[in-house]
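Undergrad: Sequence below, structure please.
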Amino acid sequence: MEFRILGPLEVVDGDEQVPVGGTKERALLAVLLIHAGEVVSADRLIDELWGSDLPASPSNALQVVVSRVRRALRSGLLVTRKPGYVLDVDPEELDAGRFGRLVEEARRAAPDDHSRRSSLLAEALGLWRGPALAEFALDGFARDEGARLEEARIQAVEMKLEADLALGRHAELVGELTALVAGNPLRERLRGQLMLALYRSGRQGEALRVYQEGRKALADELGVDPGPELQDLHQRILLQAASLAAAPQAAPAPRSNLPAQVTSFVGRGPELEQARKLLARSRLVTLTGAGGCGKTRLALEAARALLESFPDGVWLTELIPLRCPRPWRRPSGSMTARRSGWPGSPPHGRLPTSSPTTCARRNCWSCSTTVST
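TA: Numbering: from 1, shown residues only. Okay, here's the model as predicted:
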């Protein structure tokens, strides 16, 4: 079961939305999600749900609301624990928990691994469907948490933009940054990123104008000057400092070691399509058949067709031919859907696990038969 608060409150079980009806029921669930894993006292829940407009019997009214929420959720999630209740959910079952984990992973990424940082932050920001806890914006219990989550979101946006600028994406960021600065005119980091993106796009005059607009906004709103970092960036843009140039990008790591084919591949369309479908849902697909019937070529073609489906690439692993002591075990070629996380060519010995990769193996001994050739 998945709980979502980065936008309208939603509960999802598999592919199905779980209806949680009623204003009080949704408010109760929101309070417990904000404090997921923590005991929230009955007195506090009553105060958050009714304030000064208390029902005749507050304790009984709360028990009725709790009972309705319990019926909507999976058994055992909403637990009675003195002096109140606790929603016993794993952080990964809450979108805000996953968001926080992904942002922390991005912070811990290697300083020069801008691509990984950008990818992690894009995944984190993709969890947002609108303002956090939007339907409870006027309720006191959600105000502070909503503000905290929004600040975390904008910081994640700034981190991602920093990584994207380091990756040389300045030209494509100008539009997004212009809108962000317009909506957040006092955030100096965003303004500096827009200035840098404009400068690297050959628009020095516009970059200097963005600085002047920011200086005026800060003076008018707060009576202060821009901070030292923004002033330093402004000075370097005036001097056209070499340090502002975008770093040259390294050649992309290879995403495949599959051998080039010098002949066309015909006559195996149905088998190729079947293998692709099997690989989409299975970790291991084994091709069996008599020697020389085309198992390896079919495996390579299926792996090549899946190249765009696996961010870490598609790899051929040559296994040493073995003499099998059991005559009923047949040699076969196999395609293995694995999860790996190496940059460039895979290391020998073991396949680590972190992000999707397909591995095509040859000379693999197996009894499994899924696609006959």
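
Undergrad: how far out from the middle of the chain is the helix or strand encompassing Gly205?
TA: Assigned by DSSP states H and E, Gly205 belongs to helix 204-222. Offset of helix 204-222 from its chain centre (Cα atoms, centre = their mean, to the nearest Å): 34 Å.

Undergrad: Let's see the next helix or strand along the chain from that helix as CSV, backbone CA atoms only.
TA: Next helix or strand after helix 204-222 toward the C-terminus (DSSP H and E): helix 228-238. C-alpha atoms of helix 228-238 as CSV (Å, rounded to 0.1, in the frame of the first residue of the first chain):
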residue,chain,number,x,y,z
PRO,A,228,28.9,37.6,-1.7
GLU,A,229,28.4,34.6,-4.0
LEU,A,230,26.0,36.4,-6.4
GLN,A,231,28.2,39.5,-6.3
ASP,A,232,31.2,37.4,-7.2
LEU,A,233,29.4,35.7,-10.1
HIS,A,234,28.3,39.2,-11.4
GLN,A,235,31.9,40.4,-11.3
ARG,A,236,33.2,37.3,-13.1
ILE,A,237,30.6,37.7,-15.8
LEU,A,238,31.7,41.3,-16.3
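
Undergrad: Now tell me what touches helix 228-238 from outside.
TA: Contact with helix 228-238 is made by 188, 191-192, 195-196, 199, 204, 207-208, 211, 214, 225-226, 243-244, as judged by Cβ atoms under 8 Å, 6 or more residues apart in numbering. No exception for glycine: its C-beta is placed from N, CA and C like everyone else's.

Undergrad: Could you pick out the buried ones from those?
TA: When the contacts of helix 228-238 are checked for burial by 16 or more other Cβ atoms under 10 Å, the buried set is 188, 191-192, 195-196, 199, 204, 207-208, 211, 214, 226, 244.

Undergrad: quick one: which two of those are the most distant?
TA: Farthest apart among the buried ones among the contacts of helix 228-238 by Cβ to Cβ are Glu188 and Gln204. That separation is 19.3 Å.

Undergrad: check which helix or strand covers Val11.
TA: Using DSSP H and E, Val11 maps to strand 10-13.

Undergrad: Averaged pLDDT, that strand. What do you get?
TA: Throughout strand 10-13, pLDDT has a mean value of 91.

Undergrad: Give me the next element, helix or strand, following that strand.
TA: As the chain continues past strand 10-13, the following element, by DSSP H and E, is strand 16-17.

Undergrad: What mean pLDDT does that following strand get?
TA: In the prediction, strand 16-17 has an average pLDDT of 88.

Undergrad: Show me the contact partners of that strand.
TA: Under Cβ under 8 Å, 6+ apart, the answer for strand 16-17 is 10-11.

Undergrad: buried sites along the helix or strand following that strand?
TA: Downstream of strand 16-17, the next assigned helix or strand under DSSP H and E is helix 23-34. Buried residues in helix 23-34, counted by 16+ other Cβ under 10 Å: 24-34.

Undergrad: which strands and helices sit next to helix 23-34?
TA: The contact analysis (3 or more Cβ pairs under 8 Å, 6 or more residues apart in numbering; DSSP states H and E) places helix 23-34 against helix 42-50, helix 58-72, strand 84-87, helix 140-166.
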